[in-house]
Structure formats: structure tokens, C-alpha cells
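S.K.: Okay, here's the prediction I keep looking at, along with the sequence it came from:
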Amino acid sequence: MQRRFEELSQTIEDESLWEDAERAQKLMRERARVEEYINMYRGLGDRLRENKELLVLAEEEGDDAVVAEAEAALRALRSDAYRCELESLLSGDADSGDTYLEIHAGAGGTESQDWAAMLLRMYMRWSESKGYRVGLLSRSDGEEAGIKSATLLIEGLNAHGWLKTESGVHRLVRISPFDANARRHTSFASVWVYPVVEEEDIEIDKSEVRVDTYRASGAGGQHVNTTDSAVRLTHIPSGIVVQCQNERSQHKNNASAWKMLYARLREADAQRRREESQALREDKGEIGWGRQIRSYVLQPYQKVKDLRTSVETGNPGAVLDGDLDAFMEAALAAQVDAVRI
């Protein structure tokens, strides 16, 4: 990484590079990510050294409180080092990059739409807690509450690598706030995660794409555009549909929608290849799109359980506030172990 950082720094210092602004920006982004890796590794080493020294001094002076503090810091460091080890094993072509995350409410009307909105908030909270930049590209609100669908762009180091384990169907069990008889309801929503890719990575026959424009709408009058700035693209052969409405400019929304379509088509092709490979494996427990991956139970008891790894917690409130690390780490570790085997 240090050698790569030096190579990139020398390349970027060459003034002729900036004649190709797009390539220059791509190399700048790569250098920033490499620098993050280096700082992360050095930070672990610094914390280890400082706390070992502190522990030795505290033991010599018989300061039990400082000993306990240093030991707690080392335990936290071990957890962080484990997470960094998992990140170092993210070997997919797009794992280190940015990602799109789509949420779609399942059947069930208002119940499922409210659940989809809860998932949207959960992933935004998780992303923000990691220092990722989050953009809401599109949002289709439900008639009474919640959302029918939404698309996020999450930008940051390893954003796709971590979030890719979240693709699947998420199930909620609770006493419905929309049921006058206070009955327990089960709701479903699906999450689909796919990486941001370069357009040259896949070819599209643009004659096979239908382009529709419409007025972006939101929860209130002040959020409703008065021009047809939102863009929807439909890839006719595959049936894949993407839309973008976060910008006031139709041109910007159109450009973002095309990037999303390239990414969706590439991921669909990768998913097809994964399914073909999976059919040849004896282990049928692997995750596939459209399968339930996690249950969130709020009534009659409190529990969130991942059905792939059996990781669970009795604090669903924290999970819905974005505390997803334990689930992601377990799912990622399982994938890494499967690759090693």
C-alpha cells in the first residue's frame, strides 16, 4: 500500500495528468483510499504500543484503575483489528468502493411501507456512524405512511464490501401502530445492494432503454418539483428499472440514473454467475436475492436474528438505530471462510 501510495503521488504530481480530468479524479480517489488503509494500519500499531507502555507503567506503580483502563483499550483494539482483518480480505473487484442500496416494501400496504422506511433510516444511521457520505437518489412515498421504495448512494472506503451482505428479505414482527385492534402483524421488505461501477465495464445498447421523465414528489407541497426533472430508465430486455430525482436538474438526474443502470446490469450478471456456481456446490445455505436473511421481532418478545449466521441480539432498538456491525461481520466472515474452503 505504501508503494502504491508513492506511485500514485508521483503520477498525480505530473501536470500533464490533468489534461484528462476524469482519469485524474479517479487516481485522486484511489490515493485517498490507499492513504486511509495506511492510516488505519498505523493507527492500530500506535494504539497497541501506547497501551502496552501504559499497562507496564501502571503495573509498576500499582495503579489498578489505569491497568483496567489499558486492558479495556486493548480489548477494544482486538475487536478493531479483527474488523480490519475482515476488511483486508474483501477481495471483490468493487468491495473497496461506493455502493447503491435499494429498499422495496413487500406486499402488505401501509405496514410494509412503514417497515421499508424504518430500514431506510437504519441504513442511513449505520452509514453516517461510519463516516460514509449518504445521498438519497430516489424515494417513492407510501399513500398513508412509509415508503414504497428508495435508493441510497453510499460513498466511502469499503462501503460496498460491508453492505453487500445486507441484500435479501428482511422480516418485521410487531404490534401494528396502524391497527385499531392492536394485532400483531408480519411485514416484509427487500434490500438490494450493488456497487458503483465505471461505465466502460459493461456495454448497453441504448436503443433497448426507455427513458421517462416525471415530476419528483415528496411528503409535502414544498418538496414537489414543478418541472419534469426526475428520470426513470427501463432496460427492456432485463426489466431492470432505475430512477433518480434528487437533483433539480434533469441533466444531472439523467447522468446519475445511467450510472445506476450500468451498476445494476453488472450486478445482475454477477448474480447470475454466482447462482450458477452455487448450483454446483453441496452447501445450499448460501444467501440469494429474494430469500429472507433476518428477522426483527418487537412483539411478543424482543429479538433480532440473522438466519444465515444465527447471530442474534435482544436489543432491536439499537439495531434499528444502525448497530449492524455484529451481523455484517459474521456474514462477511462466513463468506470469507467459504472462499477459503
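M.R.: Arrived safely.
S.K.: And the helices in the protein?
M.R.: Remark: helices assigned in the chain by DSSP state H are 2-13, 21-61, 64-88, 110-129, 159-163, 250-279, 316-320, 325-340.
S.K.: what sits up against the fourth one?
M.R.: With contacts defined as C-beta atoms under 8 Å, 6 or more residues apart in numbering, helix 110-129 is touched by 101, 103-106, 134, 142-150, 152, 154, 156, 159, 163, 166, 170, 172, 176-178, 185, 187-189, 191, 319-324. To be clear about C-beta, it is placed using only N, CA and C from the backbone, and glycine gets the same treatment.
S.K.: Repeat that for the first one.
M.R.: Contact with helix 2-13 is made by 17, 24, 27-28, 30-31, 34-35, 38, as judged by C-beta under 8 Å, 6+ apart.
S.K.: Could you rerun that using 10 Å?
M.R.: Residues outside helix 2-13 that contact it (C-beta atoms under 10 Å, 6 or more residues apart in numbering): 17-18, 23-24, 27-28, 30-35, 37-38, 41-42.
S.K.: so which of the residues you listed is the most crowded?
M.R.: When neighbours are taken as other C-beta atoms under 10 Å, the top entry among the contacts of helix 2-13 is Val34 (21 neighbours).
S.K.: In strands, which of the contacts of helix 110-129 appear?
M.R.: Counting by DSSP state E, the contacts of helix 110-129 place 101, 103-105, 134, 147-150, 152, 154, 170, 172, 185, 187-189, 191 in strands.
S.K.: How about Val311: what's its closest non-neighbour residue?
M.R.: Excluding the flanking residues, the one nearest Val311 by C-beta to C-beta, 6 or more residues apart in numbering is Ala330, at 4.5 Å.
S.K.: for the one you found, what are its contacts?
M.R.: Residues in contact with Ala330 (C-beta under 10 Å, 6+ apart) are 86, 165, 306, 308-311.
S.K.: Buried among those? Make that a PyMOL selection.
M.R.: Filtering these down to the buried ones (16 or more other C-beta atoms under 10 Å) takes a single PyMOL command:
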select buried, resi 86+165+306+308+309+311
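S.K.: Identify the farthest-apart pair in the contacts of Ala330.
M.R.: Across these, the longest distance by C-beta to C-beta is 18.0 Å; it joins Leu86 and Ser310.
S.K.: in the stretch 201-341 of the chain, which ranges drop under the pLDDT threshold?
M.R.: 201-202, 217-228, 273-291, 336-341 (pLDDT under 70).
S.K.: before we move on, the earlier item: which ones among the contacts of Ala330 map onto strands?
M.R.: The strands in this structure, assigned by DSSP E, contain Asp306 from these.
S.K.: of the contacts of Ala330, closest to Ser229?
M.R.: Proximity of these to Ser229 (C-beta to C-beta) peaks at Thr165, which lies at 34.2 Å.
S.K.: excluding its backbone neighbours, what's nearest the closest one?
M.R.: Of all residues not flanking Thr165 in the chain, Ala331 sits nearest, at 3.8 Å (C-beta to C-beta, 6+ apart).
S.K.: wait, doesn't Leu157 sit right on Cys84?
M.R.: No: applying C-beta atoms under 10 Å as the test, Leu157 and Cys84 come out as separate, 11.4 Å apart.
S.K.: quick one, which of the two is more surrounded?
M.R.: Each of Leu157 and Cys84 has its neighbours counted (other C-beta under 10 Å); Leu157 has more, 20 against 15.
S.K.: Surely Phe178 and Glu143 touch.
M.R.: No: here Phe178 does not reach Glu143: they are 11.8 Å apart, not a contact under C-beta under 10 Å.
S.K.: still on that earlier bit, which of the helices of the chain sits most buried?
M.R.: Mean neighbour count (mean count of other C-beta atoms under 10 Å) peaks for helix 159-163 among the helices of the chain, with a mean of 26.
S.K.: next one: that helix to chain centre, how far?
M.R.: Distance, stretch centre to chain centre, for helix 159-163: 5 Å (C-alpha atoms, centre = their mean, to the nearest Å).
S.K.: just stretch 8-27 next, same as before
M.R.: Mean-position distance between stretch 8-27 and its chain equals 29 Å (C-alpha atoms, centre = their mean).
S.K.: ditto for stretch 304-317
M.R.: Relative to its chain's centre, stretch 304-317 lies at 18 Å (C-alpha atoms, centre = their mean).
S.K.: And stretch 87-95, what's buried?
M.R.: Buried residues in stretch 87-95, counted by 16+ other C-beta under 10 Å: 87, 89-90, 94-95.
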